[in-house]
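>>> any chance you can model this:
(chains A, B, C and D)
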Protein chains: 2
Amino acid sequence: MRIDREIVEKRMNDFFEACHKRNVKVTHQRTEIYRELASSENHPDAKMIYSRLKKRIPAIALDTVYRNLKFLEKYGLITVVGLNQDSQRFDANIRKHHHFVCVKCGRISDFYSASLDDIVVPEEASRFGKPLSINVEVKGICGVCGKKHKKE
Amino acid sequence: MRIDREIVEKRMNDFFEACHKRNVKVTHQRTEIYRELASSENHPDAKMIYSRLKKRIPAIALDTVYRNLKFLEKYGLITVVGLNQDSQRFDANIRKHHHFVCVKCGRISDFYSASLDDIVVPEEASRFGKPLSINVEVKGICGVCGKKHKKE
DNA sequence: GATTATGATAAGAATCATTCTTATTTACAA
DNA sequence: TTGTAAATAAGAATGATTCTTATCATAATC
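Okay, the predicted model is just below:
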């Protein structure tokens, strides 16, 4: 489950460029953490990246992996899959709906939309298995956080 | 941020019905945990539900809240918002794409779809704030887990 | 209405993911 | 080459979630 060498190299170039542009240090660990993720197709978590890297860099600390993943996310080089919350959030609304999630405060709002309810699972997705549900997640800055930001 | 009384009552009826149909006990704690979530609009986490209930049921244990939320999810009365993972998963693919997530094994697969890329944020969503991204999450049973299930 | 079996709860310990603290090391600019 | 701010390693700390076990309550049966 590895990404094509060319794509990885392009990603590595983007990484170096982003580091230089931002004046952040290109450490061995940081480089290899990004390389590991950029070469993986299966959306690993921090532990998985850590244990793979441990073979090549035995002294690496798990905290370094976490720190750099946060760093890479902040600089837009990687994303966290899903909603990026620190705890599970629950919903008693069983009716088909979608979510607006504020990336600042984590507020989650339900919304209904006939047009979005109409979208069908494309073949590109059903190729991976039997679909059970399809939902749309909109990420953005909520009204409250938007106002806060203007004041600052 | 409370749900209309009528809706809550309908949900409570569904809850009692589901409990009886499944022959599970209708305990005070279970009932109030569901009532609390069914009355909330803001997708609380377990801690939040716990602290609200603590006022009414001082002896309630946090574990009971977790246990019953899992229970309610299993019986389809509530859902976990997002991908319901136990750890954060990362993605170096910054090209616009969508996800197929297996609800059995947690495997996450990227897919591309011109038709899904074309969907726009509806007014019902942008009402909550400034949208930054829109993505589709398909949940289902992946090929591997589907085969396993057939064998059993 | 009382009895009882079984599932549910409370309490606290345990586990797992993630972050913090601090002393040490390293990248890289001068 | 050297100075210095940034990054790292190690391990402790935190916070979410789950487990263990003794006790309790629901609901079926008498």
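
>>> elements contacting the top strand by length along chain A?
Longest strand in chain A, counting residues (DSSP state E): strand A:129-142. Where contact means 3 or more Cβ pairs under 8 Å, 6 or more residues apart in numbering or on different chains; DSSP states H and E, strand A:129-142 is packed against strand A:98-102, strand B:98-102, strand B:129-142, helix B:143-151. Backbone N, C-alpha and C define where each C-beta goes, glycine included.

>>> please redo it, this time with the cut-off set to 6 Å
For strand A:129-142, the contact count by 3 or more Cβ pairs under 6 Å, 6 or more residues apart in numbering or on different chains; DSSP states H and E identifies strand A:98-102, strand B:129-142, helix B:143-151 as packing neighbours.

>>> contacts for it?
Strand A:129-142 has contacts (Cβ atoms under 6 Å, 6 or more residues apart in numbering or on different chains) with A:98-104, A:107, A:116, A:121, B:121, B:125, B:128-143, B:146.

>>> go ahead and build a PyMOL selection from the buried members of those residues.
Buried residues among the contacts of strand A:129-142 (16 or more other Cβ atoms under 10 Å in any protein chain shown), as a PyMOL selection:
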select buried, (chain A and resi 98+99+100+101+102+103+107+116+121) or (chain B and resi 121+125+128+129+131+134+135+136+137+138+139+140+141+142)
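
>>> what mean pLDDT does the helix or strand harbouring A:R30 get?
Here A:R30 sits within helix A:28-38, counting by DSSP states H and E. In this model, helix A:28-38 carries a mean pLDDT of 97.

>>> quick one: buried residues of it?
A:Q29, A:R30, A:E32, A:I33, A:Y34, A:R35, A:E36, A:L37, A:A38.

>>> wait, which of those is closest to A:R56?
Among the buried residues of helix A:28-38, A:E32 lies closest to A:R56 (Cβ to Cβ), at 6.6 Å.

>>> next up, phi/psi of the nearest residue to A:S113 once chain neighbours are set aside, please.
Nearest residue to A:S113 in three dimensions, chain neighbours excluded: B:P122, at 4.3 Å (Cβ to Cβ, 6 or more residues apart in numbering or on different chains). With angles defined as degrees, to the nearest 10, B:P122 sits at phi -80, psi 160.

>>> okay, now B:P122: neighbour count?
19 (other Cβ atoms under 10 Å in any protein chain shown).

>>> out of the helices and strands packed on strand A:129-142, name the one with the poorest average pLDDT.
helix B:143-151 has the lowest average pLDDT among the helices and strands packed on strand A:129-142, namely a mean of 83.

>>> what angle sits between that helix and strand B:98-102?
Between the axes of helix B:143-151 and strand B:98-102, defined by axes from the mean of the first three to the mean of the last three Cα atoms, to 10 degrees, the angle is 30 degrees.

>>> and the helix holding A:R30, what does it pack onto?
helix A:5-22, helix A:46-56, helix A:62-74.

>>> chain center to stretch A:46-54, what's the gap?
A distance of 17 Å separates the centroid of the chain from that of stretch A:46-54, by Cα atoms, centre = their mean, to the nearest Å.

>>> oh, that last question was meant for stretch A:16-29, not what I typed.
With Cα atoms, centre = their mean, you get 20 Å for stretch A:16-29.

>>> and the residue nearest to the spatial centre of chain A, how close does it get to B:F100?
Of all residues in chain A, the one closest to the mean position by Cα atoms, centre = their mean is A:V80, 1.8 Å from it. Between A:V80 and B:F100 the computed distance is 17 Å (Cβ to Cβ, to the nearest Å).

>>> skip the chain neighbours and tell me the closest residue to A:R127.
A:R127 sits nearest to B:F111 (Cβ to Cβ, 6+ apart), 7.5 Å away.

>>> what bridges to the one you found?
B:H98 (DSSP bridges).

>>> which residues are in contact with it?
By Cβ under 6 Å, 6+ apart, the neighbours of B:F111 are A:E124, A:A125, B:H98, B:F100.

>>> ok, how many other residues are close to the first one?
The tally of other residues near A:E124 (other Cβ under 10 Å) stands at 19.

>>> what's the pLDDT at it?
On the pLDDT scale, A:E124 gets 97.

>>> neighbouring contacts of the helix or strand harbouring A:S115?
Using DSSP H and E, A:S115 sits in helix A:114-117. For helix A:114-117, contacts defined as Cβ under 6 Å, 6+ apart pick out A:K96, A:H98, A:V136.

>>> in that helix, what's buried?
A:L116.

>>> can I get the helices and strands packed on helix A:28-38 in CSV with distance to B:A59, mean neighbour count and mean pLDDT?
Listed next are the helices and strands packed on helix A:28-38 as CSV, based on distance: least, Cβ to Cβ, whole Å; neighbours: other Cβ atoms under 10 Å in any protein chain shown; pLDDT from 0 to 100:
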stretch, distance to B:A59, mean neighbour count, mean pLDDT
helix A:5-22, 53, 14, 95
helix A:46-56, 37, 16, 97
helix A:62-74, 37, 17, 97
